Every structure is written in C-alpha cells, then in structure tokens.
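> With the sequence up front, the predicted model follows.
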Amino acid sequence: MELSLEEVKALTDSDRIQEIFLKLREQEESVTKDLDKLLKNQAHLETKMKNLNQILPQVASIEKNCQSLHDKIHNTNVLAENVSRKVRQLDMAKGHVDNCIQRVNDIISLTKCVEGVQETMASDNYEIAASHISKYLQIDKKLISNIDDDVDGSFAVLKDAELRFINNLNNKFDAAVKDNDEKGVSRFARLYPLVGRKQDGLSKYSKYLSSKVAGRGQFHLTNALKTSKEDKRWGVMFADTLTRLFEDTARIVEDCQIVVDSAYGSDCLVQVLSPIQEECVRQARGTLNNFLQTRNVIDISCVVNAKSVSGAPGEQEQPKLDQILEEMVIMNSRAELYSNFMKRKLSQSVEDKTCDGTLGMYTLQQETMGHYILLETHFIKQSILKAVSLEKRTKKSLVSSLVDDSCYLIQKSVNRAISSRSVDTACAMINNAASSLSVEVCNELLTTVKNGYPNALSYSWQQGTDEQVHEQKERFLTATNNLHATAENIAKLKKGFQVKCEKSFGSDKMALEKLSSCISGFSDATVDFNEALKRAENTLCKAAVFPKLHPVVAEFASTSHVITEDQLYMLEVEDPWLQEMVKVVEEVITPLKHLLHQNIYDSVLKISITEMTEYLEKLALTCSYNQLGGILFDKRLRALVAFLSGITQWSIRDKFARLTQMALILSVERLSEVTEYTSSSLRCCLSTAEIKQCLKLRNDFKKDEINKIIGE
C-alpha cells in the first residue's frame, strides 16, 4: 500500500490512521520475510555466479567452433549442389543414349521380325511367328517411324503378317475344335494373348470348353436312359450320370486352369470358368428333370401332399421310395462336392463374378432336397406305422420288435440326410425324426398304457376271458419296457448322429453348431418317453400292487397295540401281519422283476414302498399304544426294512425314516427319554408338533406331562 506525503498529512481520523498503520505493518513483515529468504540463498547465488564466470571463457570458444562448423557445412552444401547438377546432366545424357540404343534395337528387332515372320508363317511354326508379332507389337512406332522408308515398309509388312496370322490362327483353332483335338485347341488358345487378342482367345476357349461339357453331359444322359431295369446300377443311374458329369467338368477345369494361368494370367480364370459352370448347371438340370420324370417323383410328391397317410403310397411303394431317396441323396452329395471344388478354384472371385452359375447349382440342389425332405418324412412315418402293425415279441425278450425297428428307421433316415452334405436338409430331417419318435412311436405306446393294466378285482376285467386278461397284461408290460428301451436308444442315437455330423461337416463350425442344436431336440422326445414311462409305472402300481397291498397294510390298524409281554413274545416268534406283508410283496411285486427292465422294476418298487410307508404312517397315527406296543411297532419296521433291503439294490432306510422315528418315540419308557430324540438329526424328519402327536398315542402318558416335556 503506497500513500503520498499529501495523503498522509491529510489523515485526521484515528481509526483510519490505525487501519493504514496495520496494513503498513503487514506489508513490512512480508518484505522482511522475502529479504530473509534472499539472504538465506545468498551463498547459493554466489556459487552460481562463480560457476558462470568460469564458464564464460568456454562459451566464447564454443561460439568460435560453431562458426567454423557452419562454414564447413556451407561449403559442403555448395559442393553437393554442384555434384547433383552434374549427375542430372549425366542422367539426361544416359537417357538419350538409352533411347538411341532402344531405337537401334527396335530397328534390329523389326528387321528380324520381318524376316522371322515370313519364314515361320511359311513353315506353320505358329509359336515362333506369334513371338515375332508379339515383339513387333511391343515396339514404340512413334520413336522409329519416319526414320527411313525401309522401316516404314517393315511396319507395313508386319501389319499385314499380323492380320494374316490372326486369320490363320482363328482357322486353326476352329479346325482343332471341329476335330476335337484337345492338344491343338490348347496350343492355339495360348497364342491369342501374344498377338494382342486376349479377350478373343478367352471367349473362343471358354465357348469350346462349354460345348465340351455339354457334349459329355448329353453323352452320359443318353447312355443312362438306355440302361436296362435288370442292370444293377439302374436304381442309381441318374446319380451315376451326375457323378460322371461333375467328374468330367472337374477334369476340364483342371486342364484349362493350366492353360489360362500360363497364357492369360490367373485373374482371367473366372472368365473361362463362368460359362463352364453355367453349362454344367444346364446339363445337371436336364439330368434332374429326367430323374423326376422317370422315377415319378413329382406324382409321388403330389399324392403325399394331397392325401392323408392312408391315401399316400402304400407298403408296396416303400422299397421303391427307399431307392429313390438313396439316389437323391447321392445326387445332392455329388453336387455339393462339385460346388465346393468350384469354390476352391475360384476362391473369393466366385461370389463376385460367377454368382449366376453358383446360384443355379444351389437352386438345383434346393429343388432336389425339397422333394427329398417331403418323401423322406413320409417314408419314416409309413415305415414306423408298418413296424407297429408287424410288432412282435419273443418270450426271451422284454421288449418288442418295435423298439429296434423304429430306432433303425430313424437312424437310417437321419444318417442318409446327413450324407447328403446339405446342412438344411440334415437339420430338417433330424427335427422330423425326433417328431416321429414322439408322435408315431411314443403315442402308440402311450395308447396301450392308457388302456390300463387289467386288475382282477375290477368288474370290467371279470367280463373277459383269462386269455384276454393275460394278453392285455403282456401288451401293457411290453409297452412299458418299450418306453424305457426307446428312451435309452435315443441317447445312443444322439451320440451316433453327432459323430456322423462331425465326420461330414467337421471343417464347418457354424454347420456343426446348427446341427448340434437340432440334435438336442431329441432330448424333448426323451422327455416324452420318460413321462409316458412314469405314467405306466404309476398305472401298474395302482392296478397291480396297491389293491393287494392296501388291505394287508390296513390290518395294522385292526389289531391292538396295547399288549402284554406274553403277547409281545408270541408276536416276535410269529407275526401274522408281518408275514402277510412279506407274502404280498413276494407274490405281487417280486414277480414283476422278471417281467420288467431292472430300472423300471426299481422304480415300481420305490413307488410301492413310498405308498406303503405313507399309508402305514396314516394308520399308525390312528392307533393307541403302550410301551410294548411301541416296541412291537419298532421290531416290525426293522424286520420289514431288512426284508425289503434284500430285494432292492438301493438303500430304503430313508423311506422308513419317519416311521422309524415314530416307533422310537412310541417305545420310550419315560417321557424324559424323549429329550434324547429331539436332536437336529431327528427333527429333520419329525416336527415338534408331530413328536407331541406321537406321544399322545401312548395311553400311559398324560397330556400335561407331555406338554411339560415337549412344550406348548
């Protein structure tokens, strides 16, 4: 803060004077601090100044050296510019010399070309003549024209020779085509680029190759139509025709690639292969049309589309249809191999320059596979219906012929579709096959299950003969076993289809993912079979087991459980109720072991034991007990568990856990012992309320005491 002398003299207010004074004092303190800092750095600053004084003589020396370097660089730059100017002059002179040499060489070449063309044209040595004309075409006429009359005359001679050579070349090429001289055609096709007629050569060569493909296609088709029905290849003669067409076309492509790559350049290959591809598609179309007509595929497809299954081609048509399907798959497989071959040859150029030809082959394959999918689906359905009508079961087998027949048909059709090498076709048939298993096979077996298992106690079955009842039982048990066996076979089919797809489409990851997704659809069919199997197991238990099991279990409640020691001893020696339980299991459940698959038998046994324990628990809660009655209940349970464990392959103790804990509670001598059984391991099965309910069944325990021990 700065004040002039007049401003200081003008100050009269003490507060204002005091305020200015405080500010001046703060300013003074700040200045003092800055001075202290500078004084502290005085030694450091003096050291720096001393160092600078020592460096100053060196700086002068550096300045002198820099100036000397600058002078040297300047002189060097001047010298470099002089050298560069001289080099440019030399380069220009060299260019003039090269031009002169080139003119001399061109004149010499021109002279040799005139002489060479005349000699080679006379001796029909077209390769050397073409090389002379090629050299002539490469000469820059502007450089050597008007130099001399002889030079201009040479140009005129060579121009005339060029025209005559091209005319002769066309005639020779056409003659080679007419004589079907492959070597001659290849020889003359190589000469067109040398004489500046590259496009003409490509056009004539591709036209020749296309006509060759057409000729081979017509030849093979004509021979196929002459095939006798007694010939063993008659059933696949159209597939053989396509195979030969594709093989011949592939050989033509291989041969022409050598010519085109060497004479025209690999970038011109697509111009030759595009017409070949289009002609191949035309010939394949002709073969397909003859196939559809000869095999009556259109008529059969119309019948399948227009009529129901009963009106579609009958059993007598199945072998013929099977053969047609085999031939269609072979045809598509060969077409797919050929398409892949062409794509490899053309690489990335296929999509851009041969789209029409590729699309034509794709459309042809789609049309073929459209008929195939329709007929294959019908074939599966008809074949499975036939397998159902011819179903048989041998005495040594638990399942009928339907299991193997249906799975074989599904495997055959799906593998056939996969071998077509068409991802869309394979996916469609995999989906249709899974659907056929659920609709035709599972529903047929489920119908038998819904008809029920005959129960001799039922009035409706008393109306039939014993033979009819036995036959119905056998059909039911066979259908139940069939459901389980088919579900297991589906898992095997899935693995087999996955392996087949990996072999056929191993290099195409996207195709494998798509196919794997479709194959997983068989899991839905497995679910359908397992649900039907569960229904069959429950039906069997309700019809064959429960009606005889319930009366015996019910006898538990009809006997007293307030017994003496003598009664307990007698029942330990011979217990009628336990004997009846063992008897009903041995007579009703155990015989099923030889009639059912082991897994089904185990499932039926589990359902029966679960029903037994649940029903027994309900009955046990309706009885009254003393301690000896509780002990008897516990002994009965132990004996029953020991017996059932002997006829099962799995632990059944968890099924009897609640009953066993009820028996322990009912057999206690004093209420205080109950506290030993109220651990977490016990209470996971019985709640506090259920424990209290069991204790109230004891006629010697008072309610107040129970509530006191267990709690309200």
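Arrived safely.
> how close does F188 sit to Y205?
To Y205, F188 is 9 Å away according to CB to CB, to the nearest Å. Yep, even glycine has a C-beta here, placed from its N, CA and C like the rest.
> Let me fix that, I meant to ask about Y569.
For Y569 relative to Y205 (CB to CB), the value is 112 Å.
> Between the two, which is the more surrounded one?
Per other CB atoms under 10 Å, whichever of Y569 and Y205 has more neighbours is Y205, with 27 against 11.
> And the pLDDT for that one?
pLDDT, Y205: 88.
> now the one 4 residues further on
Predicted confidence (pLDDT) at L209: the value is 90.
> what's the spacing between it and V260?
L209 is 10 Å from V260, by CB to CB.
> L446 now?
65 Å.
> quick one: which of the two has more around it?
Shown here are L446 and V260; by other CB under 10 Å, V260 has more neighbours (25 against 20).
> That one - that's part of a helix, no?
Yes. Note on V260: a helix contains this position according to DSSP: H, G, I helix; E, B strand; the rest coil.
> Who are the contact partners of it?
Listed by CB atoms under 8 Å, 6 or more residues apart in numbering, the contact set of V260 reads 202, 205, 266, 268-269, 272.
> And the residues you listed, which of them are buried?
202, 205, 268-269, 272 (16 or more other CB atoms under 10 Å).
> hmm, which two among those are most spread apart?
Y205 and L269 (11.2 Å; CB to CB).
> thinking again about what came up before, give me the common contacts of L209 and V260.
Shared contacts of L209 and V260, counting by CB under 8 Å, 6+ apart, come down to V272.
> which of the buried ones among the contacts of V260 lies closest to K606?
Among the buried ones among the contacts of V260, and counting by CB to CB, the member closest to K606 is L269, at 70.9 Å.
> any idea how far L512 lies from V272?
35 Å.
> my bad, N530
N530 is 60 Å from V272, by CB to CB.
> repeat for N455
Taking CB to CB, one finds N455 at 81 Å from V272.
> now do G646
83 Å.
> so V588 sits right up against F546, yeah?
No. Taking contacts as CB atoms under 8 Å, V588 lies outside contact range of F546: 9.5 Å.
> Show me what the strand or helix carrying L375 is packed up against.
Per DSSP states H and E: L375 is located in helix 355-389. Helices and strands touching helix 355-389, as assessed by 3 or more CB pairs under 8 Å, 6 or more residues apart in numbering; DSSP states H and E, comprise helix 269-294, helix 297-306, helix 318-346, helix 401-418, helix 423-436.
> what helix or strand is the residue nearest the centre of the chain on?
Centroid-nearest residue in the chain: E513, 1.1 Å away (criterion: CA atoms, centre = their mean). In this structure, E513 sits in helix 509-519 according to DSSP H and E.
> So which bits of that helix are buried?
Buried residues in helix 509-519 (16+ other CB under 10 Å): 511-512, 514-515, 518-519.
> How many residues are close by S560?
By other CB under 10 Å, 11 other residues sit near S560.
> Ramachandran coordinates for it?
Backbone torsions of S560, given as degrees, to the nearest 10, read phi -80, psi 140.
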